[in-house]
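# What follows is a predicted structure for the sequence shown.
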Amino acid sequence: MSERPADDAGERPASGRPAGERPESGRRRPGRRPGSADTRGQILAAARETFSEKGFDKATIRGIARQAGVDPALVHHYFASKEGMFVAAMELPVNPDEVIPMIMNGPREEIGERLTRFVLTMTSEAGARQPVLALVRTAMTNDRVVSMVREFLTHAIVNRVAEGLGIPAIRMEVAFAQLFGVVLMRYVVKLEPLASAEIEELVELLAPTIQRYLDGS
């Protein structure tokens with residue numbers, strides 16, 4: 001078998017470019033950065049800064065994309081919604097877009113039980129509750145953070161569930177406050193015997209009260 005002759009200096013490859021010349025598409029063009037291995041990290045860094053400065057309500061996907069130097073389509077590619085981006089940026093353990101339908105799907109008279117069991121089960125894992133507790137601690141000493149957290153809870157969770165159930169938002173807020181208070185007493189204050197109680201024991205105690213808030217009666 002004969003060997004392929006080596007290209008001489010004047011021969012061009014099949015592309016028609018001199019050997020070694022970079023294709024035109026490989027040159028850096030001005031404008032927004034294309035997707036890369038670190039694009040998601042760039043977006044999250046921009047999201048944290050934007051949420052912290054503007055709060056949840058005033059932050060926009062377009063504004064975060066501009067801060068990250070990427071096209072808004074890339075933000076939608078990595079994060080389905082602003083709520084999802086907030087969850088990722090703050091390293092929260094759950095996404096309301098996924099959890100709320102799960103809790104709402106089923107008999108209405110069992111929503112209190114489903115919600116109580118979910119909150120207690122989710123926070124039973126240290127890796128899940130620590131980011132939440134850390135964010136709350138920061139909010140207690142930082143007005144911007146507390147405003148951001150309040151807006152997220154109000155629009156991403158409380159109002160959505162309240163509207164879905166057809167009840168005043170305050171009923172959902174009281175239910176959430178009671179459950180979160182139990183979490184604080186259980187894992188921060190470590191009040192006994194609450195701290196050592198089994199999840200199902202607490203569900204049995206709490207679910208009827210949470211259900212009463214959500215029934216609207």
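All right, it came through fine. Numbering: from 1, shown residues only.
# secondary structure element for Ile170?
In this structure, Ile170 sits in helix 169-184 according to DSSP states H and E.
# next structured bit after that helix?
Downstream of helix 169-184, the first helix or strand assigned by DSSP H and E is helix 199-215.
# buried set for that next one?
202-203, 206-207, 210-211, 213-214 (16 or more other CB atoms under 10 Å). (C-beta placed from N, C-alpha, C; glycine too.)
# Looking at the residues you listed, which is nearest Ile61?
Leu214 (31.3 Å; CB to CB).
# Specify the helix with the largest residue count in the protein.
Counting by DSSP state H, the longest helix found in the chain is helix 39-58.
# How far away from the center of its chain is it?
When distances are taken as CA atoms, centre = their mean, to the nearest Å, helix 39-58 is centred 12 Å away from the chain's centroid.
# Now do the helix or strand following it against helix 39-58: the angle between them, please.
Once the chain leaves helix 39-58, the next helix or strand it forms, by DSSP H and E, is helix 61-68. For helix 61-68 against helix 39-58, the angle by axes from the mean of the first three to the mean of the last three CA atoms, to 10 degrees is 130 degrees.
# What is helix 61-68 packed up against?
Helices and strands touching helix 61-68, by 3 or more CB pairs under 8 Å, 6 or more residues apart in numbering; DSSP states H and E, are helix 39-58, helix 72-78, helix 82-89.
# buried sites along it?
By neighbour count on 16+ other CB under 10 Å, the buried set for helix 61-68 is 61, 64-65, 67-68.
# what's the spacing between the residue most central in space within the chain and Ala169?
Centrality entry for the chain: nearest residue to the mean C-alpha point is Val87, 1.5 Å, by CA atoms, centre = their mean. Here the criterion is CB to CB, to the nearest Å. By it, Val87 lies 21 Å from Ala169.
# One more: Val146?
From Val146 across to Ala169, the span is 18 Å (CB to CB).
# and what of Gly181?
18 Å.
# Low-confidence ranges, the protein, go.
1-37, 216-217 (pLDDT under 70).
# could you redo the last one with a cut-off of 50?
1-35 (pLDDT under 50).
# what does the domain assignment say about it?
For the chain, the structural domains run 35-89, 93-215, going by automatic domain parsing.
# How far off centre is the first one?
So that's domain 35-89. Using CA atoms, centre = their mean, the offset of domain 35-89 from its chain centre is 11 Å.
# same deal with the last one?
Averaged C-alpha coordinates place domain 93-215 at 16 Å from its chain's average position (CA atoms, centre = their mean).
# What is the end-to-end distance of that domain?
Chord length of domain 93-215, first to last residue, is 27 Å (CA to CA, to the nearest Å).
# List the residues that contact Ile103.
Contact analysis of Ile103 by CB atoms under 8 Å, 6 or more residues apart in numbering lists 111, 114-115, 118, 161.
# any idea which of these is closest to Ala175?
Leu115 (7.2 Å).
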